[in-house]
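Visitor: with the sequence up front, the predicted model follows.
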Amino acid sequence: MSTGGDKQYNTPEGRTLLQSAISDAQTSAFKKYQLINVGSFSLWELFKYEIYTMLIAPLPGAVGYWLRKMVLSFVVGSCGRGVIIGRSVTIRHPRKIHIESGVAIDDYAVLDAKGEDNNGIFVGERTLVGRNTVLSCKNGDIHIGRNTNIAMGCFIQSGSKVSIGNKVLFGAYCYVIGGGDHVATRTDIPIIDQGQTIKGVTIEDNVWLGADVKVIDGVTVGRDSILGAGAVVTQDVTEFSIAAGVPARIIRDRRDVDRSGES
């Protein structure tokens, strides 16, 4: 099912415009650094980014938390009250990163809003982003709702739009693969040069993803569903469903359980 964000990369090299610019031999290494990390050729934006990256991001203790909150308010697109940012959190294209009040982002997470014409990353109020989790835009958008809990080591990628609702639970090491599929129809040229087709991913409110779940591009997971540990979700999951397996299959509807808890 299409999630409304279909894209196709069909440049001659099968890449986004940003990827093409980065691989261009005529672009200096300094400008490539700015394109990859800052998303701007402004020296002022680069200065703020470097201050955060070199001096503030690695600081331990309460002083580090306080300074990161203060500095990020001037670096990212927006930053609400009471935000907690752990040590060595990596940010890229910071002006496209929006963090609402009460958000906690644990150590060594990555917020990469990279892209030439995308909106970037939005993290809703009181959401937790776990240690070593990566939110990665590939000229796409990632929107995470309120009170969502993303455990450690998760990877969420978007080449179009990945939308995650309110009060969603992620077990550790979950992948949301919204980066699309490579076109592989031709055999006379490498797959990497054939472009990509990207549809996007939607995970609605109150979903629970067990550990090591993988949600593939183009999928919608309906509200109040449960995805069993290790599931590979290649098709839509209807609301209130329990799905498990490789590939995932719907086992039953949660509403079939009566008030006493018996089936």
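Guide: Arrived safely.
Visitor: buried stuff in stretch 87-101?
Guide: By 16 or more other Cβ atoms under 10 Å, the buried positions in stretch 87-101 come out as Arg87, Val89, Ile91, Arg92, His93, Pro94, Arg95, Lys96, Ile97, His98, Ile99, Glu100. In this view, the C-beta of every residue, glycine as well, is placed from N, C-alpha and C.
Visitor: touching, the third one and Gly77? I think so.
Guide: No - no contact is recorded between Ile91 and Gly77 when judged using Cβ atoms under 8 Å, the distance being 10.6 Å.
Visitor: what touches both of these two?
Guide: Taking Cβ atoms under 8 Å, 6 or more residues apart in numbering as the contact rule, Ile91 and Gly77 both touch Ile97.
Visitor: who's in contact with Gly245?
Guide: Applying Cβ under 8 Å, 6+ apart, the residues near Gly245 are Gly228, Ala231, Val232.
Visitor: let me redo that: Tyr173
Guide: Counted by Cβ under 8 Å, 6+ apart, Tyr173 has contacts Ala151, Met152, Gly153, Cys154, Ala211, Asp212.
Visitor: again, only this time at 6 Å
Guide: Applying Cβ atoms under 6 Å, 6 or more residues apart in numbering to Tyr173 gives the contacts Gly153, Ala211, Asp212.
Visitor: list the buried residues of stretch 65-85.
Guide: Under 16+ other Cβ under 10 Å, the buried positions of stretch 65-85 are 65, 67-69, 71-72, 75-77, 79-80, 83, 85.
Visitor: from what I can see Tyr52 touches Ser73, true?
Guide: No - Tyr52 lies out of contact with Ser73 (Cβ atoms under 6 Å); the separation is 10.7 Å.
Visitor: biggest helix in this structure, by residue count?
Guide: helix 61-75 (DSSP state H).
Visitor: got the CA coordinates for it in PDB?
Guide: Written as PDB, here are the backbone C-alpha positions of helix 61-75 (Å, rounded to 0.1, in the frame of the first residue of the first chain):
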ATOM      1  CA  GLY A  61      28.000  14.900  33.500                       C
ATOM      2  CA  ALA A  62      25.300  17.500  34.300                       C
ATOM      3  CA  VAL A  63      27.300  20.300  32.800                       C
ATOM      4  CA  GLY A  64      27.300  18.500  29.500                       C
ATOM      5  CA  TYR A  65      23.500  18.000  29.500                       C
ATOM      6  CA  TRP A  66      23.000  21.700  30.400                       C
ATOM      7  CA  LEU A  67      25.400  23.100  27.700                       C
ATOM      8  CA  ARG A  68      24.000  20.800  25.000                       C
ATOM      9  CA  LYS A  69      20.500  22.000  25.700                       C
ATOM     10  CA  MET A  70      21.600  25.600  25.600                       C
ATOM     11  CA  VAL A  71      23.700  25.400  22.500                       C
ATOM     12  CA  LEU A  72      21.300  23.200  20.500                       C
ATOM     13  CA  SER A  73      18.600  25.800  20.900                       C
ATOM     14  CA  PHE A  74      20.700  28.000  18.500                       C
ATOM     15  CA  VAL A  75      21.800  25.100  16.200                       C
END
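Visitor: run through the strands of the stretch 151-263 of the chain in chain order.
Guide: Counting by DSSP state E, counting those that start in this stretch, the stretch 151-263 of the chain has these strands, from start to end: 155-158, 161-164, 169-170, 175-178, 181-182, 196-198, 201-203, 208-209, 214-216, 220-221, 226-227, 232-233, 241-244, 249-253.
Visitor: partner strands of the last one, with direction?
Guide: Yep, that's strand 249-253 we're talking about. Paired neighbours of strand 249-253 in the sheet (DSSP bridges): strand 241-244 (antiparallel).
Visitor: pLDDT on stretch 42-53, on average?
Guide: Per-residue pLDDT over stretch 42-53 has a mean of 94.
Visitor: just the C-alpha atoms of that stretch, please, in CSV.
Guide: Taking Å, rounded to 0.1, in the frame of the first residue of the first chain, the C-alpha atoms of stretch 42-53 are listed here in CSV:
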residue,chain,number,x,y,z
SER,A,42,26.8,29.6,5.5
LEU,A,43,30.0,30.1,7.6
TRP,A,44,27.9,31.1,10.6
GLU,A,45,25.9,27.9,10.5
LEU,A,46,29.2,26.0,10.1
PHE,A,47,30.7,27.8,13.2
LYS,A,48,27.7,26.9,15.4
TYR,A,49,27.8,23.3,14.2
GLU,A,50,31.5,23.0,14.9
ILE,A,51,31.2,24.5,18.4
TYR,A,52,28.5,21.9,19.2
THR,A,53,30.4,18.9,17.6
